[in-house]
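K.L.:
output the structure for:
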Amino acid sequence: MNQLRIILLILSFFAFAHGETPPPNVILVMTDDQGYGDLGCHGNPVLKTPHLDRLHAESVRFTDFHVSPFCTPTRAALMTGNYPGYTGAWRTSSGRSMMHPDEKTVAHLFSENGFATGMVGKWHLGDNAPHRPQDRGFQDVVWHRCGGIGQASDYWGNDYFDDTYERNGVFEKFEGYCTDVWFREAMRFVKENRDKPFFLYLALNAPHGPYRVPEKWAAPYKGKKGVANPNFFGMIANIDHNMGLLRTQLDELGLGENTILIFMTDNGTSAGAKFQGLDSEPTLGYNAGRRGKKSSVYEGGHRVPFFIHWPQGGLTGGKDIETLAAHVDVLPTLADLCGLTVTEDYGTNGLSLKPLLKGDAGNWERTHHVEQYHGGAYGNAIPPMAFDYSVVMTERWRLVNSGGQALFDIEKDPAQRTNLAEQFPEVVDELRAHYEDWWAVVSPRLTPVRIDLGNPAENPTVLCSQDWHMDEGNPPWNFNSIRKLPKVTGPWMVEVKNAGRYRITLRQFPKEADKPVQAVRAELDIAGMTMEQPVEAESRGVVFEVELPAGPTELVTHLFDTNGKAGGAYFTEVEALRP
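P.N.:
As a prediction, this is how the structure comes out:
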């Protein structure tokens, strides 16, 4: 396999040296929590998105494109071309937001073929080795941790403005609003790599909550009829402005013609309209005639925009493709468009969309596609069960399993108002059979993914309670919860890379917060050993040193108050001292 890659790199070098057409650059832009209806070009009567509207007008658009109903699973599928459950990253916390180490990514694919690879913004596929973007094939990374700026594992004090993010393993202070920073770093990467092929993954945290944006962007939407959240629309307006700047830079650098530019979003809207629960049609605002929002397996939860623009490759002109497509198709499609070989170790589940893009579909056919919200929206359905919170899709049908089974003809009933399950039992049976085939592939991989301890790429390792592997519900994943010092704990699933002596420090807040531990006694359980010690007054961390064997284990912490009630150490630092 390595010999094949070396040969491919050598052939690519000689092709460039002899003046042959260079491969395209790729920029993949994905926003967070922006739904299909949160664009002017998709009919939103209030929101103004002139630059995205222009990209829409100049691109090929997939109008029946689907992702997962929420953050992490979409990112896992996008990176690997595999079903989210298969990758191991199928929830946003609870130790289930990291991919199995054997999963290879689109960044590996491009870097192995001589491309510069960059990742900017929101990763949400693991904060620790071996799961960080720099561990997954990206050479140049600027990112924030966890699922949102200001969440528990993000740098202490971040609030969207003048934050501290991580650049290639080192925390760095940045000036400005988060989205502006991400685009500025994206344009820096493009400029630095303009003389070589590159792949850039620009994954924005906006317009994910908390809904914070400079006032000038939100002001036009305040007091407007039909606006559910002015700041949410302001965040999208700011993204639109930055997209215009990015495209201008590409043209000024002479890269616009031979750059594949993709715009998409990671799930349905979170605040572009108001809903009754997750699955209703909007009670206020616009949702492009669809039912459901983020976290719903109804159409509005997972049908999203997908624009692809590549002038030199003939992907222009405002053409719509109505064929069913999905996030798992992006990796094989980009490989096909760029002439890259996807080797067997990628094991992709998706299909290349190139035949559709080139108008040469021939026998191209997708019989069905499955999405499932493993564990349910509130984590009360763990372990995941077959059919729960799932949707099986074909060009015509949607079989939804969420609080009961329902069948919809999406072509005639885009709002999914009429359940046809009783009229078409044979369709239900066929779609359930498709689901069972899919479940047989995915379910064996719904297993714990471990965080490395003592990995030279990250030592010490700082663990956060968001990655406790809970049997049900969600662990403390934000500071609104952690500030209350909840009396709950859970195990971190870890892999001790090398036997030796380790220092383990227990805290309730990050080291940067400089807060005392509010407890009288600490307990640590790891590798079959239980240790405890008193907590000194004003202690900034309770320190244990222990000899650990190599291999998989669980790490569990307890901090007891004066009443004998225990919560966990929400932040725990593990440092390998010596082998």
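K.L.:
now do the helix or strand where residue 300 lies: distance to the chain's middle.
P.N.:
Assigned by DSSP states H and E, residue 300 falls within helix 299-302. The chain centroid and the centroid of helix 299-302 are separated by 16 Å, computed with C-alpha atoms, centre = their mean, to the nearest Å.
K.L.:
restrict it to CA atoms and write it as CSV.
P.N.:
Provided in CSV are the C-alpha atoms of helix 299-302 (Å, rounded to 0.1, in the frame of the first residue of the first chain):
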residue,chain,number,x,y,z
GLU,A,299,-36.9,16.2,6.6
GLY,A,300,-36.1,19.5,8.1
GLY,A,301,-33.6,18.0,10.5
HIS,A,302,-31.3,16.5,7.9
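K.L.:
list the buried residues in stretch 23-33.
P.N.:
With burial defined by 16 or more other C-beta atoms under 10 Å, the residues of stretch 23-33 counted as buried are 23-33. Glycine gets a C-beta too; all of them are placed from N, C-alpha and C.
K.L.:
mean confidence (pLDDT) on it, please.
P.N.:
Per-residue pLDDT values over stretch 23-33 give a mean of 98.
K.L.:
again, but for stretch 223-234
P.N.:
Across stretch 223-234, pLDDT averages out at 97.
K.L.:
again, but for stretch 73-86
P.N.:
Across stretch 73-86, the per-residue pLDDT values average to 98.
K.L.:
what does stretch 349-356 give?
P.N.:
For stretch 349-356, the per-residue pLDDT values average out at 96.
K.L.:
ok, stretch 134-146 next?
P.N.:
The predicted model assigns stretch 134-146 a mean pLDDT of 98.
K.L.:
now the end-to-end length of it.
P.N.:
Between the opening and closing residues of stretch 134-146 there is a gap of 15 Å (C-alpha to C-alpha, to the nearest Å).
K.L.:
for the protein, what's the longest helix?
P.N.:
Counting residues, the longest helix in the chain under DSSP state H turns out to be helix 230-252.
K.L.:
buried residues in that helix?
P.N.:
Using 16+ other C-beta under 10 Å as the burial criterion, the residues of helix 230-252 that qualify are 230-243, 246-247, 249-250.
K.L.:
over to stretch 491-506?
P.N.:
Of all the residues in stretch 491-506, those buried under the rule 16+ other C-beta under 10 Å are 491-498, 500, 502, 504-506.
K.L.:
repeat that for stretch 538-553.
P.N.:
Using 16+ other C-beta under 10 Å as the burial criterion, the residues of stretch 538-553 that qualify are 539, 541-542, 544, 546, 548, 553.
K.L.:
what is the nearest of these to residue 365?
P.N.:
Out of the buried residues of stretch 538-553, the one with the shortest distance to residue 365 is residue 553. That distance is 46.7 Å, counting by C-beta to C-beta.
K.L.:
and that closest one, what element?
P.N.:
strand 551-560.
K.L.:
residue 336 reaches residue 354, doesn't it?
P.N.:
Yes - the pair residue 336 and residue 354 passes the contact test of C-beta atoms under 8 Å, sitting 4.2 Å apart.
K.L.:
residues near residue 180, how many?
P.N.:
Residue neighbour count, defined by other C-beta atoms under 10 Å, stands at 17 for residue 180.
K.L.:
leaving out the residues flanking it, which one is nearest to residue 274?
P.N.:
If the residues on either side of it in the chain are set aside, residue 274 comes closest to residue 284, at 4.1 Å by C-beta to C-beta, 6 or more residues apart in numbering.
K.L.:
pLDDT wise, what is the one you found at?
P.N.:
Each residue has a pLDDT score; the one for residue 284 is 98.
K.L.:
ranges for the strands of the stretch 251-400 of the chain?
P.N.:
Secondary structure of the stretch 251-400 of the chain, counting by DSSP state E, counting those that start in this stretch: strands at 259-265, 273-274, 284-285, 303-304, 306-309, 319-321, 325-326, 369-372, 390-393, 397-401.
K.L.:
perfect, I'm done here.
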